[in-house]
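**Student:** Here is the input, now give the coordinates:
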Amino acid sequence: MEVTDIGNKEEGKIWHRKPTPGKSVLVTVVRTAQQAKTVRFLHVAFDTTGDSFLAGDHHGNIYVFDISRNRFRLVQKTGQACTSLAFSLRRTTEFLVALADYTIKCFDKDTKQLVSWMRGHEGAVSSISVHSSGRYAITTSSDTAQLWDLDTFQRKRKLNIRQSVGIQRVFFLPLSNTILSCFSDDSIFAWESDTLFCKYQLPVPDCGPRIFYKAFAVTRDGKSLAAGGRSNLLHLWCLDTKQLLRVIQMPTQVRTVRQLEFLPDSFDGGASQTLGVLSQDGVMRFIHIHTCKLLFHVGSHDESITTVAVSPNGRHIVAIMDNGSVNIYSVQSLTQELNKPPPSQVAVVSGGEADQDFSNLKVKVRSEAVQRPTKSSGRRTQVKTLRPPAGTTAEDKENELPAGLNKKRLVALLKAFGEYPAKYRMFVWRSLLCLPENHAAYSSLTDKGLHSAFLTLHEKYPIKSHKLLRGLQRVLSALAHWAAIFGEVEYLPLVAFPFVKLFQNNPMLCFEVVATVIVNWCQHWFEYFPNPPLNILNMAENVLAHHDKELLQHLVDCGVTSQLFVWPLLETFFSEVLTRDEWLKLFDNIFSNHPSFLLMACVAYIICCREPLLLCSQKQDFEYFFHHRNNMDVGAMVKEAYQLMSSTPADIHPRAMLSDFTPLTKGQYPVFNHYPEFIVEYQSREKEKIRLQEMEYLRERQEVSAMRADFLRRQAEEEVFYAQQELLQKAEEQRRNILSQEEERLTQQRAKLAAMKRELKVKELELLDTTRRRFLKHQQDLRASQLQRLDQEISRKMTLYDQETAAAVQDLEVRQMEMEVQRKQLEQRLLKEQERAGREDEEQVERRTRPAEREGKSCTELLRNAEEDMQSREEFLGGARQLGLESDWREVRERLQQADSGQDRTREGLTETDTVGDVAGRKWDEVMTLRALLQDHHQPCPSAFTDGEGQTRIRSPCLSRDPLHRHGAVTPVRTNSFTTARPAGSQVLCLNSSSPSESTSTNFSLDRGRAQLDSSERELLKEIRELRQKLAARAKEGSSASSQSVHTLSSQ
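**Tutor:** As a prediction, this is how the structure comes out:
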C-alpha cells in the first residue's frame, strides 16, 4: 500500500508508482504540517463523473484529487474547518463548502475565486444535497433546512420545525423533483420541490423495536430507500408503493449505523443491489439487499473509518480513516469474487399467503460462502475460448473496444448464443458504441430546458408513466438543441422511445445512444426532409428485388410501395412489431455489425413474413401488418439478415452507400448538418409563425371567453340583484307588519307594567315605614343599654379610685419613713467622707509647698551668681582697657560670648521659675479652698429648731479660720487673717430642713467661706506678679550693662 504525504504542496501526483492490479487500496493520502503534526481530513465529495473528488481538512484547505489523471491540487484556503462539501453543481468547476461559522461558500476550482456567500443558518450545516440538474441545493442543520437557487444563490424556501423534533436529513431524490425530509421521530415526508406540496408520508413502523433513524441512502433510480440508526436493523422502503419491503438484521458486531451508501453498477439500471453499511466499529460492510449476503467489507478495528464517499460511476470508494488520512479503494478489486459468472439457480414458488407482519420481513445477513448447486449427470456444455493470434495487427486494434473488450470476440459470442447476456448487455452496448460520456456537453444541452416543439408531446403520445414522459421530453429536447432538424422531425419520438424506456434511469447515456444511432444507422435519412428517405428505401427495395422478386411484384401489384413496407419498420426501429426481448436480441446484432445491417434486417423481416404478405391484397391489411406484432422467429430473421449481408451483390449492397461506424467525439458532440437547412429553417419559421398565430388566436379566444364570462357574471349578478330586491321588499312588508304587532303588544305590556309599578311602590312605602319603626325601636334599646353600661362603669371606677387613694396614702407614709432613714444615713456618710477628704488635702498641700520653697531658693541663688558674673566682667574689662593689649582681644570676645550664653541660660531658668510659680499659685489656691471647706465642716454648728406650720429652719453661725502662711519665691509672704460673716437675713438650709412645698426633699449648702478664699487668692496672685516684674527688670539691667561694656571696648 503506497502512502502519499502531500504536506504543504499545492499540486502534485497522487501516487508515484502505478497501483498493482488486484490491490483494494490504491493509495493512502496523508498531510503532515510543521513538527510532523498530522492534519486531519474531515469530508470528501465526488463530482458527477466520479473521476474527481474534493477533500477538506480541519485547517480549512480544500484539495481536488483527479484519480483518472493522477493529480491533486489545492484549490482554496478557507481558514476554518468545513462541515460539508458538494461537488455536483451545474457548473462543473464550482463547488460548495459549509464552514464552521454556519455559512456556505461557493468557489471556482479553476480561478480559485469566491463566487457567492450564503448565510442564514444558526447551526452547523451537516449535509448539502444538490439536485440532479445542479441548479438547486438543500442545506441541512439540526434546526432548519433551506432550499437555495444556485443560479442566483438566493434562498427560495426555508423549512422550520418545532424545537421538540429535530431534523436528521433533507435531500433530493435522484432523477426527480422530490425532496425527502427525515426527522428525529422517524417520520419521513416527500415534498414536490417546485410547489413544496407534501406528496406522501411513509408510515412509521409500529411493530418491533424503534430504530431512531440516523443514516439514509437512496438508489440511483429513486425507488428504494434504506434507513438505519441506533440498532443493527435496517429498514428497506419502496418509495413507489410507500411500503416497508423488508427489515435486514446486520451481524451482532453492529450496534449503531453511522452511514449508508449504495454501490452503483453500470448494468443495474439504477436499481442498486449492493448496500454499504458503516457501523460504530469503523468497518463498512457491503451486503446484497435481496439475498442479504455479506459480500465484502472495508476497514478494520485497527484502521477504522469515519466517513465514506462512493463515486457515481461505482469505480472508487474514498474513505476518511480515524487517523485523519484518506484511503482510495478500487471497487473492481474489492468485487473480484462477485464478477464471476453467476451459478445456475432454481426458484421455487411457495404457495403460502403473504404476511405483512414485519417479523416475517426480517432477514439476517449471512457471511458464509454461497453454495453452488451440483451439476447434473447429463451432457456437459462445452465452451470454447477464442484466443487471439500471437501477433497483433491493425485490424485487431480496430476491433479493440473500451474496458478491454474485443469486437471480434463479442461477435463470435453473439453468433454462438444469439444475444448478449442480459446482465452485461448495457455494458457491451456502451463499449460497442464507444460512448464518450460528455457530461459537460450534455449538461449544456439540458440547461436550455425543454424545446418548444415537445412541450405538448403528451397530447400526441399519451404515455401513462410521467417519469418516462419527462425522460422522453428531456432526450428529445437535447437532440433538438443539438441539431435544429430534430425539432421538426415528427417520427423522432418513435425512434428514441425504445432507448428512453431502456435507459430511463440514465438520461445522458440514453441521449448519447440515440445520437450515435442517428449519426451511424440513420445516414442519409434527412436529405429528402420532410419526405421519407427515398434513397434508403430504394436500397432496401433493390435488395428485396434481388432476393425475392415474386414478393416484390406482389407488393407492387397491390399498390404498396417501400414507404409502406419498409419505412414503418425503420421509423420505429422495429419497436411496434417486436417484443422487448426480441428487440434487444435484434439490436445486439445491429450494434455489432455494419450500419447497413439495419436495412438487411428490414428486408429479412419482410422475407420471413412472405407467406402472410402474399395472402394480403388490401392496402389497409399491409398497413396493419407493418404496425403490429406478428408471429415470427427473431432468430430466423437474424440468420436471414446475415445471409443477405453475405449474399447481396456489391453494386446494390447498402454498405457501398453507407459509411462505417463513427463514434461520437469526446468533450463536445459533433456538428450534425446532413439535412436541407433551408427547408428546416423555413419550416421552423412557418411553425413559429403558426405558433404565434395560435398564441394570438388563443389570446383573443381567451379575451372573448373572458368577456363572455364577464357578461354572464354580470347577467347573473343582475338577476341575483333583482331577486334580492324583491326579497327585500317582501321582507320590508313583513317587517312593518311585525313592527305594528310588536308596538301594540308593547303598549299593552307598558300599561301592565305601570300598574305593577304602582303596586310595587305602595308595597315599598309600607315596607319602608315598617323598617323605620323597627329601626327607631332598635336605636332606643341600644341607647338604654349604653346608659346602663355607663352607670355600671362609673360606679366601678369610683370604687377603684377610693381603693387607690387609700393605697396611695399608705404608700406616702411608708415613703416618708424611708426618706427619714435615708436622710440620717446620708448625713453620717457625708461626715465620714469630709473627714477623709480633709486629711488627704492637708497631706497634698504639704507635698506641694515643699517644691515651691526649693524653687524659690534656687532662683535667688541664680540671681546672686548673675550679679557676681557682671561684677567680674566689669572688672575684667577695666583691666583690659588699661593694659590695651590687642593680642588678648580674642580671649575677651570668647569670655563675652560665654557670659552671654550664661545670661541666656539664666533667662531660661527664670522663665521656668515663673511657670513653676504659676502652677504653684494655682495649686495653692485649690489647697486654700479645700482647707476652708474642711474647717467649715470640722467646726460645730449650733442649730436652732423652730416649729411653725410644719417647717424647720437651721441657722449657721459665723465661721472663723486660722491665718494660713505661704512663702513666696523671693520674699516671704505675709500672713492674712480673714473672717467671713454671714449677712443678716440670709438662711442656709441644712440636711434636716424641710419646706412646706416639698415635704419629701432635703437640701444643704457648701458655699460657706467662698468669699474668704477668693480674696486670699487674689492677693497671692498679685504678689506673684510683682515678683515676676522685679526679676525681669533685673535681667534687663544686666544685659544693657554688658552691651555697654562691649561697646566701650570696641570703641577703644
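**Student:** tell me the centre residue of this structure?
**Tutor:** residue 123 (2.4 Å; C-alpha atoms, centre = their mean).
**Student:** what about that one, distance to residue 774?
**Tutor:** According to C-beta to C-beta, to the nearest Å, residue 123 and residue 774 sit 81 Å apart. Using the backbone N, CA and C atoms, a C-beta is placed for each residue, glycine as well.
**Student:** mind checking the longest helix of this structure?
**Tutor:** Counting by DSSP state H, the longest helix found in the chain is helix 677-883.
**Student:** where does the stretch 301-450 of the chain have low pLDDT?
**Tutor:** Where the stretch 301-450 of the chain drops to pLDDT under 70, the residues are 337-404.
**Student:** how about residue 58, what does it touch?
**Tutor:** Shown in contact with residue 58 (C-beta atoms under 8 Å, 6 or more residues apart in numbering): 39-42, 81.
**Student:** neighbour-wise, which of those residues leads?
**Tutor:** Counting neighbours by other C-beta atoms under 10 Å, residue 41 leads the contacts of residue 58 with 25 neighbours.
**Student:** Can you spell out which residues form a bridge with it?
**Tutor:** residue 57 (DSSP bridges).
**Student:** who touches it in this structure?
**Tutor:** Shown in contact with residue 41 (C-beta under 8 Å, 6+ apart): 29, 31, 55-58, 320, 324-326.
**Student:** Just the buried residues of these.
**Tutor:** Listed as buried from these are 29, 31, 55-57, 320, 324-326; burial here means 16 or more other C-beta atoms under 10 Å.
**Student:** The closest residue to residue 629 other than its chain neighbours in helix, strand or coil?
**Tutor:** Spatial nearest neighbour of residue 629, chain neighbours left out: residue 577 (5.5 Å); criterion: C-beta to C-beta, 6 or more residues apart in numbering. Secondary structure state of residue 577, per DSSP: H, G, I helix; E, B strand; the rest coil, is coil.
**Student:** what about residue 577, how many neighbours?
**Tutor:** 19.
**Student:** wait, doesn't it sit right on residue 605?
**Tutor:** Yes. Taking C-beta atoms under 8 Å as the definition, residue 577 is a contact partner of residue 605 at 7.3 Å.
**Student:** Mind listing the shared neighbours of the two?
**Tutor:** Listed as contacting both residue 577 and residue 605 by C-beta under 8 Å, 6+ apart are residue 569.
**Student:** ok, which stretches of the stretch 301-450 of the chain are strands?
**Tutor:** Assigned by DSSP state E, counting those that start in this stretch, the stretch 301-450 of the chain shows strands spanning 305-310, 316-321, 326-330, 362-364.
**Student:** pretty sure residue 542 is touching residue 649, no?
**Tutor:** No. Here residue 542 does not reach residue 649: they are 9.6 Å apart, not a contact under C-beta under 8 Å.
**Student:** Compare the two (neighbour count), which wins?
**Tutor:** residue 542 (20 against 10).
**Student:** and that one, that's in a helix?
**Tutor:** Yes. Counting by three-state DSSP, residue 542 is part of a helix.
**Student:** what's the spacing between it and residue 571?
**Tutor:** Residue 542 is 20 Å from residue 571, by C-beta to C-beta.
**Student:** domain assignment for the protein?
**Tutor:** 1-126+299-338, 161-294, 399-434, 437-523, 531-658, 678-788 (the TED database).
**Student:** among those domains, which is nearest residue 868?
**Tutor:** Smallest distance to residue 868 across the domains of the chain (C-beta to C-beta): 104.2 Å, for domain 1-126+299-338.
**Student:** And the closest one, how far out from the chain middle?
**Tutor:** Distance, stretch centre to chain centre, for domain 1-126+299-338: 26 Å (C-alpha atoms, centre = their mean, to the nearest Å).
**Student:** Just say helix, strand or coil for the residue nearest to the centre of the chain.
**Tutor:** Using three-state DSSP, the three-state assignment for residue 123 comes out as coil.
**Student:** for it, what are its contacts?
**Tutor:** 102, 141-144.
**Student:** Also residue 757?
**Tutor:** Counted by C-beta under 8 Å, 6+ apart, residue 757 has zero contacts.
**Student:** now do residue 173
**Tutor:** With the criterion set at C-beta under 8 Å, 6+ apart, residue 173 makes contact with 179-180, 190, 218, 222, 239.
**Student:** Distance check, it against residue 216.
**Tutor:** Distance, residue 173 to residue 216, using C-beta to C-beta: 11 Å.
**Student:** do residue 525 as well
**Tutor:** 47 Å.
**Student:** quick one: contacts for residue 277?
**Tutor:** The contact partners of residue 277, taken as C-beta under 8 Å, 6+ apart, are 228, 234, 250, 254, 257, 259-260, 284-287.
**Student:** what do you get for residue 1037?
**Tutor:** Contact analysis of residue 1037 by C-beta under 8 Å, 6+ apart lists nothing.
**Student:** Residue 643 now?
**Tutor:** Taking C-beta under 8 Å, 6+ apart, we find residue 643 in contact with residue 604.
**Student:** where's it, which helix or strand?
**Tutor:** Assigned by DSSP states H and E, residue 643 belongs to helix 634-647.
**Student:** Need the CA coordinates for that helix. CSV is fine.
**Tutor:** Only the C-alpha atoms of helix 634-647 are listed here, as CSV (Å, rounded to 0.1, in the frame of the first residue of the first chain):
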residue,chain,number,x,y,z
VAL,A,634,-36.4,-13.5,-34.5
GLY,A,635,-33.5,-15.9,-34.6
ALA,A,636,-34.5,-16.9,-38.1
MET,A,637,-34.8,-13.3,-39.1
VAL,A,638,-31.3,-12.5,-37.8
LYS,A,639,-29.9,-15.5,-39.7
GLU,A,640,-31.7,-14.3,-42.8
ALA,A,641,-30.2,-10.9,-42.3
TYR,A,642,-26.7,-12.3,-42.0
GLN,A,643,-27.4,-14.3,-45.2
LEU,A,644,-28.5,-11.2,-47.0
MET,A,645,-25.3,-9.4,-45.8
SER,A,646,-23.1,-12.0,-47.3
SER,A,647,-25.0,-12.8,-50.5
